[in-house]
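A.B. asks: what follows is a predicted structure for the sequence shown.
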Amino acid sequence: MPRSSALDVSFTSGDLRESFDWRGALASRSEGVSGRDPYSFCIGRADDGAAAEGVEGRYTPSTMNDPANGLLRISMSHGLPRCLHAVAELGIADALGESPRSAEELARDTGTDAGALARTLRVLSAEGIFEARDGAWGHTPASRLLRSDHPQSMRSFVRMIGLPVYWRGFEYFADALRTGESVQEKVVPGGYWKYLTENPEAARLFDEAMMGKAAGQIAGVLRSYDFSAFGTIADIGGGRGHLLAAVLQGAPRAHGVLFDQPHVTAAAQAVGMESARLRVHPGDFFMDALPSADCYLIMQVIHDWNDQKAARILAAIRKAAAPGAKLLLIECIVPEDSKPSWTKMLDLQMLTLLSGKERTEKEYSEMLRTAGFRLDRVIDVGMSTSILESVAV
């Protein structure tokens, strides 16, 4: 795969424009990456000590040594993410440069109360987000991701999760627990996607959040997988084509097909995504035939749907795919252990708001087998995201 020049893909979403350099991601795919994955991230950690492996490999958090304290910590933990959401909303990380600053200085520049800000940063610093330094506050790797100018900024993602619509879903969580069904009609009548169409500011924040999150994930995909052997690559439910455009930059002999709903592919065309090597194919994967391709990409689409609808999507891809065609399912995988993982909470978020579901590797393997695919390998690309590489049989 050529690596002699920078691979630059510009994305436009509304009035937002971002540019990413994919050269380092492609180079490190074959050369190896040492140290910590720069595209991985962690939101929060167990505050009461490191994980311990108990008898027979069972996970026993250290808080089990003090059950009452553990329950107190968890019962009060609803305040922790709200601290994070507020700090992201108010741009605290943007106001903090390379040198530590006092709470008074930060408060003056962000229109906040110095005392309340210091107490909030004290809570977040215990989670590795910001750091106390001689009476002032400095950045950590996690807090830097809250800066608007970070190449893999997560500020918009954190702000999006702080929207009232996300929190209201958990007001009715007991109903979801009793029924196993989404409570979205109680929170957003007509569903979450309808809510976004009726709330332009929320939709803009959603677009920014998905682009910021995808920046790290796409870089991880490019670093981890060689697409150069394929002639035609179809991205199913590929949005405005960010993933597909980046993949084609690294596979110069391949052509791409972007499949999504007509209004989505029209938006991709409007920002210049269509080219001689990338064509759009509007349609509905529940109703319309999918394009023929050597390789199918489907990134974080299946988790939006329950098992029945997810199976229909995979079956539609298999119907279009010739035997031997590759399917690269790119999703977060729920670990099959008792250790903390943000994907487990994401799974409950999908339950409350979208009727979707995060799944384990075993669950994905069975879904793929039923649809007519054989899971060959699972590739960790960082950010708790994996490529599940399968082949049509």
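C.D. replies: Ah, there it is. What you are looking at is a predicted structure, and each value in this text was computed from that prediction instead of being measured.

A.B. asks: looking at stretch 264-272 now, give me its mean pLDDT.
C.D. replies: When pLDDT is averaged along stretch 264-272, the result is 93.

A.B. asks: in it, what's buried?
C.D. replies: Judged by neighbour count (16 or more other C-beta atoms under 10 Å), stretch 264-272 contains these buried residues: 264-265, 267-269. (C-beta placed from N, C-alpha, C; glycine too.)

A.B. asks: in CSV, list the C-alpha atoms belonging to it.
C.D. replies: Output in CSV follows, covering the C-alpha atoms of stretch 264-272 (Å, rounded to 0.1, in the frame of the first residue of the first chain):
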residue,chain,number,x,y,z
VAL,A,264,-28.1,10.8,3.1
THR,A,265,-26.4,10.0,-0.2
ALA,A,266,-27.7,13.4,-1.5
ALA,A,267,-25.9,15.1,1.4
ALA,A,268,-22.7,13.1,0.5
GLN,A,269,-23.0,14.3,-3.1
ALA,A,270,-23.6,17.9,-1.9
VAL,A,271,-20.2,17.9,-0.1
GLY,A,272,-18.4,16.5,-3.1
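
A.B. asks: among the buried residues of stretch 264-272, which ones are in helices?
C.D. replies: 264-265, 267-269 (DSSP state H).

A.B. asks: which of those sits closest to Arg101?
C.D. replies: Nearest to Arg101 among these is Ala267, at 40.1 Å by C-beta to C-beta.

A.B. asks: picking that back up, any chance of the buried residues of stretch 264-272 in a markdown table, with distance to Ala234 too?
C.D. replies: Output for those, formatted as a markdown table (distance: C-beta to C-beta, whole Å):
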| residue | distance to Ala234 |
| --- | --- |
| Val264 | 15 |
| Thr265 | 13 |
| Ala267 | 18 |
| Ala268 | 14 |
| Gln269 | 17 |
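
A.B. asks: closest to Gly324 out of those?
C.D. replies: So of the buried residues of stretch 264-272, ranked by how close each gets to Gly324 (C-beta to C-beta), first place is Thr265, at 27.5 Å.

A.B. asks: grab the nearest non-local neighbour of the closest one.
C.D. replies: Leaving aside its chain neighbours, Thr265 sits nearest to Val280 (4.0 Å; criterion: C-beta to C-beta, 6 or more residues apart in numbering).

A.B. asks: which one among the ones in helices among the buried residues of stretch 264-272 gets closest to Ala95?
C.D. replies: Using C-beta to C-beta, these come closest to Ala95 at Ala267, 33.3 Å.

A.B. asks: the closest one reaches Gly241, doesn't it?
C.D. replies: No - using C-beta atoms under 8 Å, Ala267 is not in contact with Gly241; the gap is 9.5 Å.

A.B. asks: can you pull the buried residues of the host helix or strand of Ala88?
C.D. replies: For Ala88, the host element (DSSP states H and E) is helix 79-89. Of the residues in helix 79-89, 80-81, 83-88 count as buried by neighbour count, 16+ other C-beta under 10 Å.

A.B. asks: right, and the helix or strand after that helix?
C.D. replies: Per DSSP H and E, the first helix or strand lying C-terminal to helix 79-89 is helix 92-95.

A.B. asks: which other helices and strands contact that next one?
C.D. replies: With contacts taken as 3 or more C-beta pairs under 8 Å, 6 or more residues apart in numbering; DSSP states H and E, helix 92-95 sits against helix 103-110.

A.B. asks: other SSEs contacting the helix it packs on?
C.D. replies: Packed against helix 103-110 by the contact rule (3+ C-beta pairs under 8 Å, 6+ apart) you find helix 92-95, helix 114-125, strand 136-138.

A.B. asks: list the buried residues in it.
C.D. replies: Judged by neighbour count using 16+ other C-beta under 10 Å, the buried positions of helix 103-110 are 103, 106-107, 110.

A.B. asks: now Ser341. Nearest residue, chain neighbours left out?
C.D. replies: Pro335 (5.2 Å).

A.B. asks: quick one, phi psi at that neighbour?
C.D. replies: phi -70, psi 140 (degrees, to the nearest 10).

A.B. asks: does it touch Glu358 like I think?
C.D. replies: No - the criterion here is C-beta under 8 Å, and Pro335 misses it with Glu358 at 10.4 Å.

A.B. asks: between the two, what contacts are shared?
C.D. replies: The contact sets of Pro335 and Glu358 overlap at 343-344 (C-beta atoms under 8 Å, 6 or more residues apart in numbering).

A.B. asks: do a quick rundown of the strands in this protein.
C.D. replies: Ranges of strands in the chain, per DSSP state E, are 8-13, 16-21, 131-133, 136-138, 232-236, 255-260, 278-282, 295-299, 326-332, 373-382, 385-392.

A.B. asks: what would those look like in JSON lines with mean pLDDT?
C.D. replies: JSON lines is the format used below for those (pLDDT from 0 to 100):
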{"stretch": "strand 8-13", "mean pLDDT": "34"}
{"stretch": "strand 16-21", "mean pLDDT": "37"}
{"stretch": "strand 131-133", "mean pLDDT": "97"}
{"stretch": "strand 136-138", "mean pLDDT": "98"}
{"stretch": "strand 232-236", "mean pLDDT": "98"}
{"stretch": "strand 255-260", "mean pLDDT": "98"}
{"stretch": "strand 278-282", "mean pLDDT": "97"}
{"stretch": "strand 295-299", "mean pLDDT": "98"}
{"stretch": "strand 326-332", "mean pLDDT": "97"}
{"stretch": "strand 373-382", "mean pLDDT": "96"}
{"stretch": "strand 385-392", "mean pLDDT": "97"}
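
A.B. asks: turn those into TSV, including mean neighbour count and distance to Gln217.
C.D. replies: TSV is the format used below for the strands of the chain (neighbours: other C-beta atoms under 10 Å; distance: least, C-beta to C-beta, whole Å):
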stretch	mean neighbour count	distance to Gln217
strand 8-13	16	13
strand 16-21	14	11
strand 131-133	14	27
strand 136-138	19	28
strand 232-236	25	14
strand 255-260	24	17
strand 278-282	18	19
strand 295-299	25	8
strand 326-332	22	7
strand 373-382	16	7
strand 385-392	22	5
